[in-house]
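Q: 3D, please:
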Amino acid sequence: MQTIDNIVFDDVIFPRANLLAALLYQMDGVPIAVPLPHAHLMSFIEVFRNTNTCQNHIIANNQKEIKLFVHQNNMQWLFENSFVDTVPQLAKINIFCSSPGSKAFWSTYTQRYRRIIEQPILYNELNFQLLLFGCKHIKQLCECPEFSGDNSIRNRLNEDFRNISEALASILLQNITNLNGQIRLSEEAQY
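A: Numbers count the residues shown, from 1 in each chain. Have a look, this model is predicted:
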């Protein structure tokens, strides 16, 4: 099973972009293994296991926009340090939660911050959400002038885009298959 630990950030291509992606997952004690079946495709996101290191990364990149995916247990430092209100390079925050109850809590708690904090998700939705973000992110990078003169980087980005798109298509096809099975069972139950 691939997890957050299997993400290998491409520090040659992606730091050159104006939008950076970061994932913070610092756990005290034994961390929950967050399944990411497509972690090998997520080279666009830099993983942080320490809030101080993540904080330094955000502050150091003050000329860029940063999209942060953060585990629910790591949200407190964002509020304690006023990152949500005062750090302009922090463009969007996505919270991933361990349970429906914590998702409901964070959804309510962050309601007034919807301009920056998106609707929380469950950790089992993280794989899909990261792929979806990566697909959009890489597509935008393919059109950026920073990469227009470098065909090898553009080819790599196009290859990454294709691979992520294929992974998304596979997930969506599996969802359709599962829904078809549920529909068929409910129709059979009517007879």
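Q: which secondary structure elements does the helix or strand bottoming out on mean pLDDT in the chain contact?
A: Taking mean pLDDT, DSSP states H and E as the measure, the chain has helix 83-86 as its least confident helix or strand, at a mean of 80. Here helix 83-86 touches strand 90-97, going by 3 or more C-beta pairs under 8 Å, 6 or more residues apart in numbering; DSSP states H and E. From N, CA and C alone the C-beta is placed, and that goes for glycine too.
Q: Which SSE is immediately downstream of the strand it packs on?
A: Scanning forward in sequence from strand 90-97 by DSSP states H and E, the next helix or strand is helix 100-109.
Q: mind listing what's buried in that following helix?
A: The neighbour-count criterion (16 or more other C-beta atoms under 10 Å) identifies 102-103, 106-107 as the buried residues of helix 100-109.
Q: Distance from the chain centre to it, please.
A: A distance of 18 Å separates the centroid of the chain from that of helix 100-109, by C-alpha atoms, centre = their mean, to the nearest Å.
Q: now it: mean pLDDT?
A: Mean pLDDT, computed over helix 100-109, is 96.
Q: likewise stretch 180-188?
A: In this model, stretch 180-188 has a mean pLDDT of 80.
Q: Any chance you could list what contacts the least confident helix or strand of the chain?
A: Outside helix 83-86, the residues that touch it by C-beta atoms under 8 Å, 6 or more residues apart in numbering are 55, 58, 77-78, 90, 93, 113, 116-117.
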